[in-house]
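Student: Got a sequence here, can you build the structure:
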Amino acid sequence: MNPFANRTGSLSGPATDALPITPDDTTDLSHVALGLYVETGGTISIDTVEGATRSLTVADFSILPVGVRRVRATGTTASGIHALVLA
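Tutor: Model prediction:
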């Protein structure tokens, strides 16, 4: 049984998928992320949904609850990054 089958996705609800990310300096994500999951910590350079570029240091297995439209290759040392999305 799928508890999400008859529900509309909500920004206040859980993500419906986790998409692997290859950091890129020029290309936005295929879906705007509700947040990011990072397997191996380090620095992550992101463009937020508001258009700001931020550089953040995260630990292994971090969840970053911020809207993200791009993860930049330049400045990103973290790996195993996944976009939490409403697909």
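Student: Helices along this protein, start to end?
Tutor: Assigned by DSSP state H, the helices in the chain number zero.
Student: in it, which ranges drop under the pLDDT threshold?
Tutor: Within the chain, the ranges that satisfy pLDDT under 70 run 1-13.
Student: again, only this time at 80
Tutor: Applying pLDDT under 80 to the chain flags the ranges 1-13, 87.
Student: which stretches of it form strands?
Tutor: Under the criterion DSSP state E, the chain contains strands at 17-20, 35-40, 42-48, 53-58, 62-64, 68-72, 79-85.
Student: ranking those strands by burial, who's on top?
Tutor: strand 68-72 (a mean of 21; mean count of other Cβ atoms under 10 Å). All C-beta spots, glycine's among them, are computed from the backbone N, C-alpha and C.
Student: Check what contacts that one and list those residues.
Tutor: 21, 23-25, 27-29, 32-33, 35-36, 44-49, 53, 81, 83 (Cβ atoms under 8 Å, 6 or more residues apart in numbering).
Student: and what of stretch 32-43?
Tutor: With contacts defined as Cβ under 8 Å, 6+ apart, stretch 32-43 is touched by 11, 15, 18, 21, 44, 46, 49, 55-69, 71, 75-86.
Student: which residues touch the closest residue to residue 56 other than its chain neighbours?
Tutor: Leaving out its chain neighbours, the residue that sits closest to residue 56 by Cβ to Cβ, 6 or more residues apart in numbering is residue 44, at 5.5 Å. Neighbour list for residue 44: 36, 38, 55-58, 64, 71, 75-78, 81 [criterion: Cβ under 8 Å, 6+ apart].
Student: my guess is residue 19 contacts residue 86, does it?
Tutor: No: judged on Cβ atoms under 8 Å, residue 19 makes no contact with residue 86 at a distance of 11.1 Å.
Student: Give me the common contacts of those two.
Tutor: Common neighbours of residue 19 and residue 86 are listed as residue 31 (criterion: Cβ under 8 Å, 6+ apart).
Student: what's around the closest residue in space to residue 24 that isn't next to it in sequence, how many residues?
Tutor: With sequence-adjacent residues excluded and distances taken as Cβ to Cβ, 6+ apart, residue 24 is closest to residue 73, at 5.7 Å. By the criterion of other Cβ atoms under 10 Å, residue 73 has 13 neighbours.
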